[in-house]
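Visitor: Sequence and predicted structure, then a few things I'm wondering about:
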Amino acid sequence: MFRGFAGFQKSWLRSDIPAGLSIAAVGLPSAIAYPVIAGLPPETGIYASIVAPIAYAFFGPSRLLVVGPDAATMTVLAAAMAAIIAAEPAAAGVDRVAIASALAIGVGVFCIAARLLRLGVLASFLSRPILVGFFAGVSVSILVGQISRFTGVKMETDGLVAPIVEILRKSALIHWPSLAFGLAMFALLWFAKAINFRVPGPILVVVVAVILSALFNFEGHGIAVVGDIPHGLPALSLPALQEMPLAQIVLGSAAVFLVSFGAGIVTARSFGARTRQEVDANQELIGIGAANIAPGLFGSFPISVSDSRTAINLATGGVSQAAGLVSAAALIAVLIFLHGALRILPLPALAAILAAAAISLIDVQELRKVWRISRMEFVFALIAMWGAISLGVLNGVIVAIAATLVYLLRKTMFPRHALLGRVEGRDGFFEIGRVPEARAVEGIAICLIQGSILFYSADYVRTRLQEIGSELPAGTNFLVLDAGYINHIDSTGAGALDNLVETLAAQHLTLAIADLNEENRDILDRAGVVKVIGADNLFNDKEEAVRMLTQRQEQQAGRASPTA
């Protein structure tokens, strides 16, 4: 606990107080806007922005990271809530806030459980390209979701094409003043960004929208507004989990956990690289877990590491988690003294803020970088994007995970291989295809396999070694498998090597293995493969293999030559 205050000094407050006020100012518009994505009242976002940073300040390991509502997490939350509501009886009253709170607690429990099992590696499970593609798909879903708030037309369809067709069909119902005002606020956001206006665009939009709403009575002219916001602090309460479909709560929590934690650690590591601080994913699980459980106990929703708030913290010189506590105190003051102003905030202004946030999730530069580095990874990024857009965000999570698994399988199904040889005057072995001077050892072929020999790659490895054996020049007696880069061999792999021995023997080749690790040797021994290969054909390294096999060839040649 209190690692975010390590080495705290009073003088730090001169930096942390202005940083905390800046975090609150930048975070307030998103705190009000993001709950709309999941159909939650705006105060829940303010509650989350108060209690989550307090919890992270106590339990989080980082001095600089700031947690809070996140657009991508909210979109996954909205999909999870929809699945839970659909599973409840039609006659049952739907308490969206209670469901969101239950999911927040579930996400926190998953974080704590993952920490106990040291599963911080899960943060790396969704690769960066797939996350970029998934977030691009999420951004499109958020953009489509703002059609109703921009136009004042109730939408009944999901996806990408269907809502566009629906709004065209219902064009006569569009409330044009709402659309005009929303587009004007969107333009104001981009104008403020383009000229590097000192006041952040979302704050400018909220202030301008509230002033105009008060002056011209937008509510009276049919422009929807936020409405009443509870006066005062959030109350401690536990959602009635026993009245909810537990299976859907668990599945929904798992989906939100995977995306929010994965995205949060990507954010944490990017800022960690900038500040040269190591990020311990397992320790972050404790901080993010506490920062999710706290909102769940105060009528709010799951959160993640906030890139915008963390960036503001760094830019304004925040030194410790005291900045997060200051931001929470500032938002408490807003709830107590400014709830009346927030009441008349027009919904089209929130739609503009959400649309701008959604567009910022589309990392075109990163997609171009992925395209330049690996066409295959770019394809998987597009698959993740398509899943989030076409199948819904919750199913998009499944598609993203499936894409990751397929990508991993593809990378490991076809282990890299190369023939090795000697270079005159130099020690060691070199790939014959990459080093022109490398020459095969006389009578001995050495083949490097980089990757495990498992049930899904065993046939490929066996077939390639057979092909290599059949293409070797006459006079080659041994095929040495360099196993130094083979991490694991399973029973199927052992069977493939067993069959390979017989096939090579028919080609008058003897299989030998060099640099086999102890675990893999035990597996081959238990499978009877060591006996088939012959213990005398297993060597500690390639040097020993070449030396011993060369001696064996010379002895065989001596026995075969006629005596004088």
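Guide: Ah, there it is. Numbers count the residues shown, from 1 in each chain.

Visitor: Which residue lies closest in space to Ser213, excluding its sequence neighbours?
Guide: The spatially closest residue to Ser213, leaving aside those adjacent along the chain, is Ile344, at 4.4 Å (CB to CB, 6 or more residues apart in numbering). C-betas here are computed from N, CA, C, even on glycine.

Visitor: Count the residues that sit near Leu479.
Guide: Counted by other CB atoms under 10 Å, the residues lying close to Leu479 total 23.

Visitor: distance between the top helix by length along the chain and the chain's centre?
Guide: Scanning the chain for the helix with the most residues, using DSSP state H, yields helix 246-275. The chain centroid and the centroid of helix 246-275 are separated by 7 Å under CA atoms, centre = their mean, to the nearest Å.

Visitor: do stretch 381-401 as well
Guide: Worked out by CA atoms, centre = their mean, stretch 381-401 lies 13 Å from the chain centre.

Visitor: before we move on, back to that, helices or strands up against the longest helix of the chain?
Guide: helix 71-87, helix 96-116, helix 128-145, helix 281-297, strand 304-305, helix 307-315, helix 393-413 (3 or more CB pairs under 8 Å, 6 or more residues apart in numbering; DSSP states H and E).

Visitor: quick one: which of those is nearest Val250?
Guide: Nearest to Val250, of all the helices and strands packed on helix 246-275, is helix 96-116, at 6.5 Å by CB to CB.

Visitor: Show residues contacting the one helix or strand in the chain whose mean pLDDT sits lowest.
Guide: Ranking every helix and strand in the chain by mean pLDDT, DSSP states H and E puts helix 393-413 at the bottom, with a mean of 77. Identification of contacts with helix 393-413 by CB atoms under 8 Å, 6 or more residues apart in numbering yields 75-76, 78-80, 82-83, 125-127, 130-131, 133-134, 137-138, 141, 252, 255, 258-259, 376-377, 380, 383-384, 386-389, 391, 451-452, 454, 456-457, 460.

Visitor: Report the buried members of these.
Guide: Buried members of those, counted by 16 or more other CB atoms under 10 Å: 75-76, 78-80, 82-83, 125-127, 130-131, 133-134, 137-138, 141, 252, 255, 258-259, 377, 380, 383-384, 386-389, 391, 451-452, 454, 456-457, 460.

Visitor: related to what we said a few turns ago, now the helices and strands packed on helix 246-275 as JSON lines including distance to Phe216?
Guide: Compiled in JSON lines, those are given as follows (distance: least, CB to CB, whole Å):
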{"stretch": "helix 71-87", "distance to Phe216": "29"}
{"stretch": "helix 96-116", "distance to Phe216": "31"}
{"stretch": "helix 128-145", "distance to Phe216": "27"}
{"stretch": "helix 281-297", "distance to Phe216": "35"}
{"stretch": "strand 304-305", "distance to Phe216": "37"}
{"stretch": "helix 307-315", "distance to Phe216": "30"}
{"stretch": "helix 393-413", "distance to Phe216": "36"}
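
Visitor: I'd assumed Phe378 was in contact with Ser127.
Guide: No - judged on CB atoms under 8 Å, Ser127 makes no contact with Phe378 at a distance of 11.7 Å.

Visitor: okay, and for the protein, where does confidence drop off?
Guide: When residues are selected by pLDDT under 70, those of the chain lie in 90-92, 122-126, 273-274, 392-394, 397, 559-564.

Visitor: Having no further points to raise, I will conclude here.
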